[in-house]
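[1] below: sequence and its predicted model.
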Amino acid sequence: MFRVSSIEDLKDLFEIVSRDVDKSRLYIVICAGTACQASGSNDIIRVAKKYILQNQLLDTISLKITGCHGFCEMGPFILTEPQGAFYHKVSTENICRIIDAVIANDYVEELLYTDPQTNEKYYKQSDIPFFKKQQRTIFSMNQEIDPIRIYDYITNGGYKALGKVFSKLSPEQVLEEVKVSGLRGRGGAGFPTGLKWEMLAKQSINSGKYIVCNADEGDPGAYMDRSLLEGNPHIIIEGMIIGAYATGSNEGIVYVRNEYPLAIKHLIIALRQVRDIGLLGENILGSGFSFDIRIVKGAGAFVCGEETALIRSIEGKVGEPRQRPPYPVNKGINGNPTVINNVETWANIVFIINLGASEYAKTGTKGNSGTKIFSLVGKIKNTGLVEVPMGITIKEIVYDIGGGPPGKAKIKAVQTGGPSGGCIPVRKFDLQIDYDSLAKAGSIMGSGGMIVMDENTCMVDVAKYFMNFLKEESCGKCYTCRKGTQRMYEILDDISKGKGTLEHLDLLEELALVVKDTTMCGLGQTASNPVLSTLHYFRDEYERHIIQKRCDAFVCKELVGAPCQAACPVGTEAWRYVAHIARGEYEQAYIAIREANPFPSVCARVCDHQCEEHCRAGTSGGDPVAIRLLKRFITDRIDPSRYKPKRTTVIKKDAPQVAVIGAGPAGLTSAHYLSLKGYKVTIFEAEDKPGGMLFCAIPSYRLPRETIKKEIVSLLDENITLKCNTALGNDITIDQLFNEGYKAVMLAMGAHKSRPLGLENEDADGVYPSIEFLKAFNLRNEQLAKGRVGIIGGGNSAIDAARTALRQKDVISVTILYRRTREEMPAFAEEIEAADQEGIKIQTLVTPTKVITTNDFFSGLECINNELGDTDSSGRRRPIPIKGTEHFIKLDTLIVAISEDSGIDCIGPARSSKIEVTDWNTVKIDQNTLLTSRPGVFAAGDVVTGPNTVIQAIAAGKKAAEMIDHYIKGEKMDQPKKHILPQIYVEPFVVELEDAWQAERIETPRKSIEKRKRNFAEVEVTISDEEARREAQRCLRCDLEFTQPQYIEKECITTEGK
Amino acid sequence: MESTLKADEKYRKNPDGIISILENVQRKYGYLPKKVLETVANETGSSLVDIYGIATFYKYFSLKPRGEHLISVCLGTACHVRQAPLIVKEFENQLKIRAGETTVDKQFSLETVNCLGACARGPIVVVDGHYFSNVNKAQVSQILKKTRYGLDRIDIKKDERIFPVKLRCTNCNHSLLDPNYLIDDYPSVRLTISFGRKHGWLRLSSLWGSYNNESEYDIPVDTIVNFFCPHCHDELIGASSCPSCNAPMIPMIIYGGGLVQICSRRGCKNHMIDLINGICVNCENRHTCSFIKPEGGVWYCEEYI
């Protein structure tokens, strides 16, 4: 056995080892860190071995099985050497192809990592943005070595630092190096490591000093210590030997969590190997210095990460912290001086010695030297472990390395420091990450967990989650911690269930400060951070829970019920009709839809389907149920006239009269519900037919005219009088209406004026605001677009204008110009896709700068190219014009579709009738009552909000009807908000397991491009019976929790551990 | 009961060993039976109160018996924001128990854990040591179904990870395969074994990944067995020991290169296949050398979990 017993032996060993390094040897490096194992790397390893053995490739290629590389989201992955190619999400089917490619010095193109945003293919791992922007000093070694082969570690420069220390440096010199390096404890508190060591070294006793590696990584959401121990145990051991040498201690302990079996296993193997070689044990390298390390396994208690509790746990006792001083460095394990450092701190030691302290200190900022590993997890595209220099901003980590949000939901905050840390909101993302600035922002560095949260994360729920964690983990020694965390949890729980009051917030704050001030150990002192930081930065969210009884993230289940229902502005029980469809009960499904929404067929085509955005099947990592398509399926089968709404009052002759201005979705809806309540309603419409924006703006290929007509006819009854060609201001005034005996007036004229670009010559012939363009065609069949058509904007209005233009007879080509990227276009993704398919060019990252005219006729646009700059507060990257890229685009027609407002023509008369208007040219109302500044006059729909979705207008109309009813009856209008939970039980359809398993979302079927491109026939087609039922069976039935008889009684507890 | 303590003899007088002793008891029984705790108290001289204090303080210990399968759902922060609570709820609904409870038929225990450290792939569910990543609500029933079927159960005929290895003796280079005695339809690996006073044959499946074997004797679980080559009668023994149970590992050469090692303890499933490329296999010091060139080491940890 090769045993080293002197410095010379060690040098010989390095010599022998380096002689055998063959840099040209082909390697397949397979990551077998815990995350990759969870995604199947063990199977890949087996198949690779099988392939190598069966094809006798042993002499050609080698396998290297390593610990975590950090890019865990993309696992399992494979790195090839010496090529450096990076294959992600490898499966057992394609591993053999990769082996063949490596041998042929080739690539398997389609398996290479491709950036999802730019579609760029990367041939080398080091070029991938996730890796390129990091500074991987400590972590990069993980991919070089097989953790159970000491030999791998040595060939990569392992134990060189140890050799240097034992041959050249005295313990005092080592201490000096560590002090000069400025290394601070990576466990979170940031105490200078050199100082701590010096105190231990100064302890006068000569034996019985301990050094401890704290690997009790209890912070939920952090796993860098685990990955280091699993992937490179020797670096920890080497650091500890150096530390022991510097401080004169003879016993080392690694305190590691029992939940990390692989880390323990690799550590056992590594320790055995080091002992065999002779670098641990008696008389190391003939220096007379003896040191050994043993492993102590933690048995699952978060508080044991606190040093005094950890010491008691090592002593075999209950892990309760004790008062400090005396500090462990004076009285630690069994009363002996003890130094405790975090795993990552120990790993840094080797680099300090190898590089030299002053060189090491060049990385990072002053007072915060070196790199730090973060575990970047949660709602982020590139989850994994990242190593960055101290002082980098949160923004750089989240957007540049992490790649921003994984879906459409915007990032809201990051949580650092685990249960002891706090949440930092997106507006503070310019914060430099170091110990001091994080503490100032109300969080802590902690061991490096960085959990990204987006709009689907509820901050009240996050605070509640941490409080639940802390109340479970509080050891109970300090009364204020034990009871305080419990009470804070109860208050938060009440708020999350809609039972909170505003006084609770003050109480919560007071309680948090008391717990902070009156507890003994780190756990208690920082336990308030999650509450205090969320209260500080997200107070509005707490208030929404308390006042509005709404959880905008759709998390707090007592407020949300079924997310699809809660997300729908009119509260459609989507789960209910989906459940009926799954059972084949189509008529009942129609009733469920129609009860909440008077425009089911319209919404089945043009709704922005918030229900799908929040569908749990989608937010929990799959595709949402295609709810709108299912609605379409039902409304295509059932005629609207089949539904007879329930009337609450019989119609009387002397019923009060209400005037509704505008026969758009908002106006018609309120008229309908007012009629049901027994009122006589007159609708005044300026155009010659009802429908409003449904007719004017939405093209018939999306919404056939027949559909609108049928639905409107079914709503009009003997209580409703419709007067077309009657415009407010021109034909009637509000004063007049009140004089005629109307008890209330409801304004729902919509928003009919497009916003201008604000450029010169914008009024030239050939330039049209999008609404004007669409109206001209939809109402009067005038085809204004000619030749080459340009559209400015990226919203639905722009796409509608573009697709309508394409269908006009004199049009040659249509180009949409948008200033950001396609991903950021606010239009529905399916609309953009359809436009693309039809041959509309979408030019992104351009801004028009000049409207060019020839003889007063529009002839083209001067544009400038943009690049994406910094992320703005909305989490999107700002378009920044690139100087010198101005260019001319020849066009014949320009349609401006930036946005719409209600415009002076509608508001003018309203203003003169004492109705206040906002700065954005919309009618000012009381949000709760929908009353304008004039008593008896209500307003709803686009005239209030500016251009908005159809379903929002319907919801506003529905609410207006209710408010007008209260007003006329003289009832209190501002009634407390009720939240509605699912109530009706629909027995679930029993699905065969195999069928439901990974069933994919059905795609929206469309007519073929040739059949639809140039005409106005409806593009989307309906799905078959079988398809509809299958899709409906994908529903997760969130409602059952509230409706299923057996669960109602039982309030399930999710997190009470034991 | 007695045996548990005997194995921990070295800890007896050492109070910091109590946690280790309890860990062993927990691992062996799946919980801490009262009678065993009483024995531990007697043997170590600690008071039963202290032992219960420890047993109730640390989450790893359970005072109630657990079911055959342990389902742990991670509720770490990263899993939490990715809707792990819904997964817990789904398990609760399907198993008709709450977290922390065991089903009436003693098949499943459900527990939540604070963090399993695989945050990037959350939500994570671990069933009997098998990791499931990015779990969604619809997968829950599938996980239960797989567990009922047997997570370790593999279809030897169809599984692509299974393949035959031709094994030879590390000493005399003779083939160990016995074409006349088939296991899993392949020639078995014939070895001579001895334990206690017994001496006889053992035949292993030559399929890598199959644990099937037959022997002249019933070998009691936990027994460390000595292995010999049936041709040269030399003992098959390597330089390394099992990382899980510390028993010696038994090396055998693969035809064409590489080394297979199996743990010599009955019941321990550790086995490894090490693809070294020739030099060490022929070296006369291979038994004693702990890091051989150029691949180094005899460790090539196959079964990481």
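    In hand now; what should we look at?
[2] find the least confident helix or strand in chain A, judged by mean pLDDT.
    One helix or strand of chain A scores below all others by mean pLDDT, DSSP states H and E: helix A:993-996, with a mean of 51.
[3] can you tell me the closest non-neighbouring residue to A:D1039?
    Closest residue in space to A:D1039, ignoring its immediate chain neighbours: A:P982 at 3.6 Å, by C-beta to C-beta, 6 or more residues apart in numbering or on different chains. Heads up, the C-betas are built off the backbone N, CA and C, glycines and all.
[4] actually, A:L271.
    Spatially, and ignoring its direct neighbours in sequence, A:L271 is nearest to A:I293 (5.9 Å; C-beta to C-beta, 6+ apart).
[5] packing partners of whichever strand or helix holds that neighbour?
    Here A:I293, judged by DSSP states H and E, is contained in strand A:292-298. Secondary-structure packing of strand A:292-298 (3 or more C-beta pairs under 8 Å, 6 or more residues apart in numbering or on different chains; DSSP states H and E): strand A:251-257, helix A:261-277, helix A:307-314, helix B:18-29.
[6] looking at chain A, which strand is longest?
    Criterion DSSP state E: the longest strand present in chain A is strand A:857-871.
[7] break the chain into its domains for me.
    As the question left the chain open, I've gone with chain A. Domain segmentation of chain A under automatic domain parsing yields A:13-128, A:150-362, A:365-457, A:466-560, A:572-642+A:984-1045, A:657-752+A:902-969, A:756-898.
[8] that's the wrong chain, I wanted chain B
    When chain B is cut into domains by automatic domain parsing, you get B:2-57, B:70-149, B:163-282.
[9] any chance of TSV for these, columns mean neighbour count?
    As requested, the domains of chain B are exported to TSV (neighbours: other C-beta atoms under 10 Å in any protein chain shown):
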stretch	mean neighbour count
domain B:2-57	16
domain B:70-149	22
domain B:163-282	18
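[10] and the ones you listed, which one averages the lowest pLDDT?
    With a mean of 77, domain B:2-57 has the lowest mean pLDDT of the domains of chain B.
[11] could you find the closest non-adjacent residue to A:E862?
    A:K850 (3.9 Å).
[12] if you count neighbours, what's buried in the particular helix or strand that has that neighbour in it?
    Element membership for A:K850, per DSSP H and E: strand A:846-854. Applying a neighbour-count criterion of 16 or more other C-beta atoms under 10 Å in any protein chain shown, one finds A:V846, A:T847, A:P848, A:V851, A:I852, A:T853 buried in strand A:846-854.
[13] show me where the stretch 601-750 of chain A has its helices.
    For the stretch 601-750 of chain A, the helices defined by DSSP state H, counting those that start in this stretch occupy A:610-613, A:616-619, A:627-637, A:665-676, A:693-696, A:705-715, A:734-739.
[14] closest one to chain B among those helices?
    helix A:616-619 (6.6 Å; C-beta to the nearest C-beta).
[15] C-alpha coordinates for the closest one, CSV please?
    Taking C-alpha atoms only, helix A:616-619 is exported to CSV below (Å, rounded to 0.1, in the frame of the first residue of the first chain):
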residue,chain,number,x,y,z
ARG,A,616,-53.6,23.9,-10.9
ALA,A,617,-52.9,21.3,-13.6
GLY,A,618,-50.8,24.1,-15.2
THR,A,619,-49.3,25.8,-12.1
